[in-house]
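*Asks:* Okay, sequence plus prediction incoming.
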Amino acid sequence: MGVANSRSLAWSIGEYLSSSGAEVAFSYQNDKVRHRIEPLIALTNPAFVACCDVSRDDDIEKLFSTLENHWDHFDILIHAIAFANGDALAKPLVEINRRDFTSSLDISVYSLIAIAKHSERFMKNDGGSIVTLSYHGAQKVIPGYNIMGVVKAALESTVKYLANDLGPHHIRVNAISAGPVKTLASSAISMINEKLDLAEKHAPLRENITANDVAEFTGFLCGENSRRITGGIHYVDSGLNILGA
């Protein structure tokens with residue numbers, strides 16, 4: 001859930017899982033997004049493709065009804081959904097209004113809770129893996145990240161509580177905190193080019209990550225070799241998170 005274009009982390013993950021032998025399905029937010037991603041997702045021969053605006057409970061319920069027509073269970077859920085109004089993202093947090101704050105949390109965080117609840121009945125017999133995407137702005141103040149830093153902090157906390165709630169059914173919940181990557185979403189963040197330069201020059205590995213790095217680690221979190229790993233915030237950022245200011 002969350003493929004927006006060929007450069008999105010969600011697409012790299014979906015493509016990687018498909019090439020690794022998974023049968024995949026995709027959801028899209030609206031017709032505008034569908035037209036943009038149709039040529040991409042066709043490459044994976046998806047089990048199905050469905051519309052789901054996660055700000056609408058009816059859409060979420062409809063998605064899982066569609067899913068039930070194709071699968072009696074599934075093993076992996078990728079939540080790659082985040083949203084902040086462009087004007088709100090550009091503002092200091094102190095200037096955010098109630099409506100923008102609420103919509104950012106609703107779409108970026110509550111959606112994971114709602115989707116996890118619906119997924120539980122499909123996963124609880126055999127277990128499964130739920131993976132979402134975060135960023136170090138959840139832990140430290142990153143200039144230009146503003147409201148999304150607060151949103152990602154809430155998302156990371158949600159991962160831990162969901163991991164505890166769903167653990168008895170052997171459903172694992174983890175987040176990947178990816179380093180700076182040039183995507184359409186990240187281009188909305190001010191100073192993204194400076195952040196990429198900083199990572200390349202100062203991260204312990206002295207190099208930026210790629211979308212495929214995130215996809216490969218997602219594959220690990222979805223596989224048998226990570227069967228005892230849950231509730232974690234896992235950094236894929238060339239070590240950038242260990243550095244001080």
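*Replies:* Good, I have the coordinates. Numbers count the residues shown, from 1 in each chain.

*Asks:* May I see the buried residues of stretch 8-25?
*Replies:* 8-18, 22-25 (16 or more other Cβ atoms under 10 Å). For every residue, glycine as well, the C-beta is placed using N, CA and C.

*Asks:* So for the residues you listed, which is the shakiest by pLDDT?
*Replies:* Checking pLDDT across these, the minimum falls on S8 at 90.

*Asks:* So that residue is in contact with I78, correct?
*Replies:* No. Contact criterion Cβ atoms under 8 Å: S8 and I78 do not qualify, at 11.2 Å.

*Asks:* on that earlier part again, just the buried residues of stretch 8-25: which are in helices?
*Replies:* Using DSSP state H, the members of those that fall in helices are 9-18.

*Asks:* Quick check: next helix or strand after the lowest-mean-pLDDT helix or strand in the chain?
*Replies:* When the helices and strands of the chain are scored by mean pLDDT, DSSP states H and E, helix 192-202 comes last with a mean of 81. Later in the chain than helix 192-202, the nearest helix or strand by DSSP states H and E is helix 211-221.

*Asks:* Could you give the separation of that next one from the chain centroid?
*Replies:* 12 Å (Cα atoms, centre = their mean, to the nearest Å).

*Asks:* quick one, helices of the protein?
*Replies:* Listed in chain order, the helices of the chain (DSSP H) span 9-19, 31-41, 57-68, 86-90, 98-105, 111-123, 147-166, 192-202, 211-221.

*Asks:* before we move on, the earlier item: mind putting the ones in helices among the buried residues of stretch 8-25 in JSON lines, distance to W71 included?
*Replies:* Below are these laid out as JSON lines (distance: Cβ to Cβ, whole Å):
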{"residue": "L9", "distance to W71": "24"}
{"residue": "A10", "distance to W71": "20"}
{"residue": "W11", "distance to W71": "21"}
{"residue": "S12", "distance to W71": "23"}
{"residue": "I13", "distance to W71": "19"}
{"residue": "G14", "distance to W71": "16"}
{"residue": "E15", "distance to W71": "20"}
{"residue": "Y16", "distance to W71": "20"}
{"residue": "L17", "distance to W71": "15"}
{"residue": "S18", "distance to W71": "15"}
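
*Asks:* How many residues are close by S177?
*Replies:* Neighbour count for S177, taken as other Cβ atoms under 10 Å: 22.

*Asks:* any idea how far it lies from I171?
*Replies:* Look at S177 and I171: by Cβ to Cβ, to the nearest Å, they are 21 Å apart.

*Asks:* what do you get for I130?
*Replies:* Taken as Cβ to Cβ, the span from I130 to I171 is 7 Å.

*Asks:* can you pull the contacts of N208?
*Replies:* Counting by Cβ atoms under 8 Å, 6 or more residues apart in numbering, N208 touches 179-181, 196, 199-200, 238.

*Asks:* Could you rerun that using 7 Å?
*Replies:* Going by Cβ atoms under 7 Å, 6 or more residues apart in numbering, N208 touches 179-180, 196, 199-200, 238.

*Asks:* Can you tell me which of those residues are buried?
*Replies:* For the contacts of N208, a neighbour count by 16+ other Cβ under 10 Å gives the buried set as 179-180, 196, 199, 238.

*Asks:* Tell me what S134 is bridged to.
*Replies:* Applying DSSP bridges to S134 yields these beta-bridge partners: S177.

*Asks:* What about it, how many residues nearby?
*Replies:* 23.

*Asks:* Next: the one 10 residues further on.
*Replies:* Number of residues near G144 (other Cβ under 10 Å) recorded here: 16.

*Asks:* before we move on, back to that, looking at the helices of the chain, which has the lowest confidence?
*Replies:* Between the helices of the chain, the one with the least mean pLDDT is helix 192-202; it has a mean of 81.

*Asks:* Export it to CSV, keeping only CA atoms.
*Replies:* Extracted in CSV, the C-alpha atoms of helix 192-202 (Å, rounded to 0.1, in the frame of the first residue of the first chain):
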residue,chain,number,x,y,z
ILE,A,192,16.6,17.4,0.6
ASN,A,193,19.6,17.8,-1.6
GLU,A,194,21.6,19.1,1.3
LYS,A,195,20.6,16.1,3.4
LEU,A,196,21.7,13.7,0.6
ASP,A,197,25.1,15.5,0.4
LEU,A,198,25.5,15.3,4.1
ALA,A,199,24.8,11.6,4.2
GLU,A,200,27.2,10.9,1.4
LYS,A,201,30.0,12.9,3.1
HIS,A,202,29.5,12.1,6.7
